[in-house]
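[1] Show me how the following folds:
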Amino acid sequence: MQVVILCGGLGTRLREETEYRPKPMLPIGGFPILWHIMKGYSHHGITDFVLCLGYKGEQIKEYFYDYQFLNNDFTIELGKERRVEIHGEQEERSWRVTLADTGQEAMTGARVKRAARYVESDRFLLTYGDGVADVDFRALLDFHEAHGRIGTVTGVRPARSSFGALELEGDRVKSFREKPQLKTGYVSGGFFVFERAFFDYLEDDDACVLERAPLERLASDGQLMTHLHDGYWHCMDTYRDFVHLNDLWDRGEAPWRVWSKG
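    Residues are numbered from 1 along each chain as shown. A predicted model of the protein is given here:
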């Protein structure tokens, strides 16, 4: 199973940080939030990732290319034939990471469409590079397989309502509305499962926004279901979120850190 992660946006509401680095590289406890997201998936045995790059994507490429050196001690012998010895092995040695340039100006739907050539399975997971949660991805996959529709979105109850709202009829999503002014109810937590048929709902056009026509049409076709998650979820949308998530990590109270729990 592969996970497609959207990593190409400008992160304009975090301009004080994203002017110098892409939003998925903003650190929580010294590790990029992207790393935290990937650790959550790998805890459930899902370790094949496709990263959709755009704004400052070269920094994400450099991070993973040098990952072993950044996260381990090593000895280097200088000279004509340089030799490097890595001391120890990190837990992420089984990860497979595909870094795909999907355009500087592309919207989310276009990025997913352009990543299709790297998705090898008939079913894939999708998320954004700025949200952490304690979602049970195996339970999410089991739910998706059981209902037999094209898509599943994880429904969450956030502290604020600036996310894609879900109008539900049981587990079926009757409508998907991006960022309405709501006070109650579930919204999209950004953790999706899709069958490969979802690529047909997307356009290879910079203007294609995942959260608009593609998901709205999928819902109106009766092909989008929701898996409700009443556990922890938080998106790093503003500088206040950035500080809050780091504070939780520093105090040893990060609920999304499922990989270190017994």
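[2] by contact count, what packs against the lowest-mean-pLDDT helix or strand in the chain?
    Lowest on mean pLDDT, DSSP states H and E among the helices and strands of the chain sits strand 165-169, with a mean of 73. Contacts defined by 3 or more C-beta pairs under 8 Å, 6 or more residues apart in numbering; DSSP states H and E place strand 165-169 against strand 151-156, strand 172-177, strand 187-195. From N, CA and C alone the C-beta is placed, and that goes for glycine too.
[3] Quick one: list the elements packing against the first one.
    What that stands for is strand 151-156. helix 137-147, strand 165-169, strand 187-195, helix 213-220, strand 224-228.
[4] how about a cut-off of 6 Å?
    strand 187-195, strand 224-228 (3 or more C-beta pairs under 6 Å, 6 or more residues apart in numbering; DSSP states H and E).
[5] Now do the next helix or strand after the shortest one: everything it contacts.
    So that's strand 224-228. Sequence-wise, the next helix or strand downstream of strand 224-228 (DSSP states H and E) is strand 233-235. Here strand 233-235 makes contact (C-beta atoms under 6 Å, 6 or more residues apart in numbering) with 130-133, 156, 189.
[6] worst average pLDDT in the helices and strands packed on strand 165-169?
    If those are sorted by mean pLDDT, strand 172-177 sits at the bottom with a mean of 78.
[7] So which bits of that one are buried?
    172-173, 176-177 (16 or more other C-beta atoms under 10 Å).
[8] CA-only coordinates of that strand in CSV, if you can.
    C-alpha atoms of strand 172-177 as CSV (Å, rounded to 0.1, in the frame of the first residue of the first chain):
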residue,chain,number,x,y,z
ARG,A,172,-22.0,8.0,3.4
VAL,A,173,-20.9,11.5,2.6
LYS,A,174,-23.9,13.3,1.0
SER,A,175,-21.9,16.4,0.2
PHE,A,176,-18.3,17.7,0.5
ARG,A,177,-18.0,21.5,1.0
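[9] please begin residue numbering at 855 from this point
    With the count now opening at 855, the last piece we talked about shows up as strand 1026-1031.
[10] okay, the angle between it and helix 991-1001?
    Strand 1026-1031 runs at 110 degrees relative to helix 991-1001, counting by axes from the mean of the first three to the mean of the last three C-alpha atoms, to 10 degrees.
[11] hmm, back to that, give me the angle between the least confident helix or strand of the chain and strand 1078-1082.
    Using the same axes, to 10 degrees, the inter-axis angle of strand 1019-1023 relative to strand 1078-1082 is 100 degrees.
[12] report the angle between the axes of strand 1019-1023 and strand 1041-1049?
    Using the same axes, to 10 degrees: strand 1019-1023 against strand 1041-1049 is 70 degrees.
[13] all strands for the stretch 855-1004 of the chain, in order.
    856-861, 881-882, 885-886, 902-907, 927-931, 937-941, 950-955, 977-982, 985-987 (DSSP state E, counting those that start in this stretch).
[14] mind putting those in a markdown table, mean neighbour count and mean pLDDT included?
    As requested, these are arranged in a markdown table below (neighbours: other C-beta atoms under 10 Å; pLDDT from 0 to 100):
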| stretch | mean neighbour count | mean pLDDT |
| --- | --- | --- |
| strand 856-861 | 24 | 98 |
| strand 881-882 | 20 | 97 |
| strand 885-886 | 18 | 96 |
| strand 902-907 | 25 | 98 |
| strand 927-931 | 10 | 89 |
| strand 937-941 | 10 | 86 |
| strand 950-955 | 16 | 97 |
| strand 977-982 | 22 | 98 |
| strand 985-987 | 23 | 97 |
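[15] Show me the contact partners of stretch 925-941.
    By C-beta under 6 Å, 6+ apart, stretch 925-941 touches 922, 942, 944.
[16] mind checking how far that stretch is from the chain centre?
    33 Å (C-alpha atoms, centre = their mean, to the nearest Å).
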